[in-house]
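J.: just the structure for this:
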Amino acid sequence: MFLIGLTGSIGMGKTLTASLFEDEGVPRYDADAAVHALYEKNGAAVEPIGALCPEAIVDGSVDRAILGQVVLKDAEKLKQLEAIVHPLAGASQMHFLESEVQKQTPFVLLDIPLLFETGGEGFVDCTVVVSAPADIQKARVLARPGMSEERFNDILAKQVPDAEKRQRADFIVDSSISVEDARRQVRDIMSQLQRRTGQAYEARKARYQARAKGQ
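T.: This next block holds a predicted model:
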């Protein structure tokens, strides 16, 4: 199974791009959705987060907006939050991967916003970064309900800069033109990966056959 790591800074169009990979038949693990499930009522993260940040618990679930306001301004609490959430999210991811291994799925997409920030690129077989010009990114983010320029800048400060992500990426999807253009880019990436994995399979097969003849 080939693991594709998809990432991108806030407002870059990562969610849409992930859906385009799904359209190509690639199962997606959504790290954000997994965290949402942990934060819901009776979710595994509610009790430990309640101990760390009681004001963030509303009606038995974690209020992400309140939690975000607290940890964005408190680096120590952010570290403690990560120590709670990352292992729980990691267990959820492994459960997903085990299920796909049993199905013999050839490609899987790991949709992880903080892929580079958490060192997750070492776990995947290739990385895809979704990117757009800074002015488009800013306009998209500030159009979101409840978003301010100050909060946008706080979020950006905690993310690996887009330019660095682009440098470290195996593939880049430019989301600034149109959905159909992004779809074309995704299809091109999948074509390249299918060729690459096919060539690797043939190379392994040739090695095994040569070894068998030598026995």
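J.: only C-alpha atoms for contact and neighbour calcs from this point on.
T.: Will do.
J.: got the domain boundaries for this protein?
T.: Listed by automatic domain parsing, the domain ranges of the chain are 1-27+107-215, 39-104.
J.: I'd like the ones you listed as TSV, with mean neighbour count, mean pLDDT and distance to residue 33 appended.
T.: As requested, the domains of the chain are exported to TSV (neighbours: other Cα atoms under 10 Å; pLDDT from 0 to 100; distance: least, Cα to Cα, whole Å):
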stretch	mean neighbour count	mean pLDDT	distance to residue 33
domain 1-27+107-215	16	90	10
domain 39-104	15	88	10
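J.: now the strands for the chain?
T.: For the chain, the strands defined by DSSP state E occupy 2-7, 28-30, 57-58, 61-62, 107-111, 126-131, 171-174.
J.: list the contacts for the most centrally placed residue in the chain?
T.: For the chain, the residue nearest the mean C-alpha position is residue 112 (1.2 Å; Cα atoms, centre = their mean). For residue 112, the contacting residues are 5, 6, 7, 30, 31, 32, by Cα atoms under 8 Å, 6 or more residues apart in numbering.
J.: the third one against residue 124, yeah?
T.: So that's residue 7. No - if you go by Cα atoms under 8 Å, residue 7 and residue 124 don't touch, sitting 11.7 Å apart.
J.: residue ranges of the helices in the chain, please?
T.: Under the criterion DSSP state H, helices of the chain are mapped to 14-23, 31-39, 46-52, 64-71, 75-102, 134-142, 149-157, 162-168, 179-214.
J.: in JSON lines, list those along with distance to residue 58.
T.: Listed next are the helices of the chain as JSON lines, based on distance: least, Cα to Cα, whole Å:
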{"stretch": "helix 14-23", "distance to residue 58": "27"}
{"stretch": "helix 31-39", "distance to residue 58": "11"}
{"stretch": "helix 46-52", "distance to residue 58": "10"}
{"stretch": "helix 64-71", "distance to residue 58": "9"}
{"stretch": "helix 75-102", "distance to residue 58": "17"}
{"stretch": "helix 134-142", "distance to residue 58": "26"}
{"stretch": "helix 149-157", "distance to residue 58": "22"}
{"stretch": "helix 162-168", "distance to residue 58": "34"}
{"stretch": "helix 179-214", "distance to residue 58": "37"}
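J.: who wins for proximity to residue 120 among those?
T.: Nearest of the helices of the chain to residue 120, taken as Cα to Cα: helix 75-102 at 10.6 Å.
J.: and the angle for that closest one with helix 31-39?
T.: 110 degrees (axes from the mean of the first three to the mean of the last three Cα atoms, to 10 degrees).
J.: and the angle for helix 75-102 with helix 64-71?
T.: Interaxial angle, helix 75-102 versus helix 64-71 (the same axes, to 10 degrees): 130 degrees.
J.: by contact count, what packs against helix 75-102?
T.: Packing partners of helix 75-102 (3 or more Cα pairs under 8 Å, 6 or more residues apart in numbering; DSSP states H and E): helix 31-39, helix 46-52, helix 64-71.
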